[in-house]
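Peer 1: Structure for the following, please:
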Amino acid sequence: MKTRNLFSTGAVVLLTLALPVFGGSAFAQDHDRDRERDREHPRFEDHDREAARGWFNEHHDRLPQGLRDRDRLPPEVESRLQVGVVLDHDMRHRIHPVPADLLDRLPPCPRHYRYVVIGGHICLIDDSFQVSDVIHFELNL
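Peer 2: Next comes the predicted model:
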C-alpha cells in the first residue's frame, strides 16, 4: 500500500514537472504557426495604419495621384478592393506608387509583396496582384 501511494505521488510529481515543458512546446508550435501565417499573409499593424493616416492628414491639401478625391473608386469598383481578391486588369491600371515619404513611415514589405495606392487606399499586394491588406482613407476632409 505504501509503495502504491509512493508510486502515485511520484507519477503526479513527474506529470506536474513535465506539463510545463510539453505545454511550452505546444505554445511554441502555435506561436511558430502564427508567425508562418503572418509571413504567408502579411497584414498592416495598427502602428502602420496610424502612420499612414498621420501622413495622409499632413498631406491632405496636396495629395499625389491615386490618393486625391478625384481618384476615388466608383462604388461598384470599390467593393472589389478586398483582402484576398486578385486585382483584375481594370484595377491594375489604377495602381500608383506610394509616395516615398509615406514609404519611409511603413515597415519594409515582405519578400514578393509591395505597397501600392489604388483609388485613395494603400494596399499591400503580392506578385500575383492578390490583396493582402488595405488601409482605407476618408478622402472628403
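Peer 1: Give me the neighbour count for the closest residue to His96 other than its chain neighbours.
Peer 2: Counting by CB to CB, 6 or more residues apart in numbering, His96 lies nearest to Gly66, which is 3.1 Å off, once chain neighbours are set aside. Backbone N, C-alpha and C define where each C-beta goes, glycine included. Residues contacting Gly66 under the criterion other CB atoms under 10 Å number 19.
Peer 1: what does His93 give?
Peer 2: 9.
Peer 1: Same question for Arg94.
Peer 2: 16.
Peer 1: Could you tell me what pLDDT the model assigned to it?
Peer 2: You'll see Arg94 listed with a pLDDT of 95.
Peer 1: roughly how far apart are it and His47?
Peer 2: Relative to His47, Arg94 is positioned 27 Å away (CB to CB, to the nearest Å).
Peer 1: quick revisit: looks like the residue nearest to His96 contacts Gly119 (just checking).
Peer 2: Yes - Gly66 is within contact range of Gly119, at 7.3 Å (criterion: CB atoms under 8 Å).
Peer 1: Overlap of the contact sets of the two?
Peer 2: Counting by CB atoms under 8 Å, 6 or more residues apart in numbering, the residues touching both Gly66 and Gly119 are Arg94.
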